[in-house]
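A.B. asks: how would this look folded up:
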Amino acid sequence: MTERKRLPIGIQTFAKIRENNHYYVDKTDMIMDLVLGGQHYFLSRPRRFGKSLLLDTIKELFEGNEPLFQGLLVHGRWDWSVKYPVLRFSFGRKNYRQPEALGESLHQQLTQMERDFAIKPEFSDAGSRFADLLERVKAKTGLPIVVLIDEYDKPILDALEYPEVAKANRDFLRGFYATIKDYDAHIRFSLLTGVSKFSKVSLFSGLNNLKDITLDKRYSTICGYTDADIDSVFAAELPGLDRDEIRDWYNGYNWLGEGVYNPFDILQLFDERQFKSYWFETGTPTFLVEQLLKRQIPTIQLDNLLSSSDMLSSFDVGDIS
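C.D. replies: From the prediction side, this is the model:
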């Protein structure tokens, strides 16, 4: 019987999980495969599936914080002597329905990064500041930079009911993300994550070297827990709970590879010891509910709807098929 550990409910910080004896499901072998297999990546997953924790783990890995990775799959495969500079953006902290919110959020994050690297800003617009930061951080450290972007799509999704704001945010972000391609020589690795998949034409037209792993079966379990994870990592939590019932309630997510359980559901179940729709109550995207109401689609009809991968890739402001 393995010892019981602390449940990492709501914790998105890798160091906190590793230092405070929380359960951790090791995804570092897949992270290593990403790093070896390419340079620029995109991943879409629903809310509360562990995207922020994934990005934080990648950040700690590239920054060379070896003690956090003792005993994990990546430990013997990584060169710990190199400590890469990391620029991590997150759009999760604001509501972007106001026209000025996106600019404010980006400038605040860029200011913090400039402070961290002791760089005095020379430009006033966000795109130029980002480009300047990439150039000067590389010159200062002598190393290429890791760029991580969390909730890349939130500034657009928040404003879908305000089409002019949504389009302005989309166009602003298109230019900002294009910097990643323009400064490819300065970048070691990049990953953008979000809950939706905007079409490459509308948002990533300047970033056509982005590898989309959303439906790549090799990375289907990069977020979420597998059956094996439940039986091994969380073995100490299982007594007193019906294993088949856990499977029936929570093992319903699949991205063309091995299926996974939603982490938020599982952690809440192990905490409260009752079967409930924990994730559905907190993780349902507002914009999705608004779209269903607007189009008057009955929920019973959703059971029989199928979508092609083409439809998944044609998502844009004013055109959400």
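A.B. asks: give me the sheet partners of the biggest strand by length in the chain and which way each runs.
C.D. replies: Within the chain, and with DSSP state E defining each element, the longest strand by residue count is strand 187-194. Based on DSSP bridges, the strands next to strand 187-194 in the sheet, each with its direction, are strand 40-44 (parallel), strand 145-150 (parallel).
A.B. asks: what comes up buried for the one helix or strand R129 maps to?
C.D. replies: For R129, the enclosing helix or strand under DSSP states H and E is helix 126-141. When neighbours are counted by 16 or more other Cβ atoms under 10 Å, the buried residues of helix 126-141 are found to be A126, G127, R129, F130, A131, D132, L133, L134, R136, V137, K138. For glycine as for every other residue, the C-beta is placed from the backbone atoms N, C-alpha and C.
A.B. asks: thinking again about what came up before, what's the closest of the strands paired with strand 187-194 to Q296?
C.D. replies: Of all the strands paired with strand 187-194, strand 40-44 sits nearest to Q296, with 26.4 Å by Cβ to Cβ.
A.B. asks: which elements pack onto the helix or strand following that closest one?
C.D. replies: Toward the C-terminal end, the helix or strand that comes next after strand 40-44 (DSSP H and E) is helix 51-62. For helix 51-62, the packing partners by 3 or more Cβ pairs under 8 Å, 6 or more residues apart in numbering; DSSP states H and E come out as helix 14-19, helix 28-37, strand 86-90, strand 145-150, strand 187-194.
A.B. asks: for the first one, buried residues please.
C.D. replies: So that's helix 14-19. Of the residues in helix 14-19, those buried (16+ other Cβ under 10 Å) are F14, I17, R18.
A.B. asks: so the second one makes contact with V25?
C.D. replies: No: between I17 and V25 no contact is recorded; they are 9.9 Å apart, counting by Cβ atoms under 8 Å.
A.B. asks: circling back to that earlier point, what angle sits between the helix holding R129 and strand 145-150?
C.D. replies: Comparing the axes of helix 126-141 and strand 145-150 via axes from the mean of the first three to the mean of the last three Cα atoms, to 10 degrees yields an angle of 140 degrees.
A.B. asks: strand 86-90 and helix 126-141, what's the angle between them?
C.D. replies: Our comparison of helix 126-141 with strand 86-90, counting by the same axes, to 10 degrees, yields an angle of 150 degrees.
A.B. asks: shift numbering so it begins at 448
C.D. replies: I'll keep to 448 as the first residue from here, and by that count the last item is helix 573-588.
A.B. asks: contacts for helix 573-588, please.
C.D. replies: Here helix 573-588 makes contact (Cβ atoms under 8 Å, 6 or more residues apart in numbering) with 532, 534, 550, 553-554, 557, 560-561, 564, 566, 568-570, 591-592, 594, 619, 622-623, 625-626, 629-630, 633-634.
A.B. asks: buried ones only from the residues you listed, please, as a PyMOL command.
C.D. replies: In PyMOL, selecting the buried portion of the contacts of helix 573-588, with burial taken from 16+ other Cβ under 10 Å, looks like this:
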select buried, resi 532+534+553+557+560+561+566+568+591+592+594+619+623+625+626+630+633+634
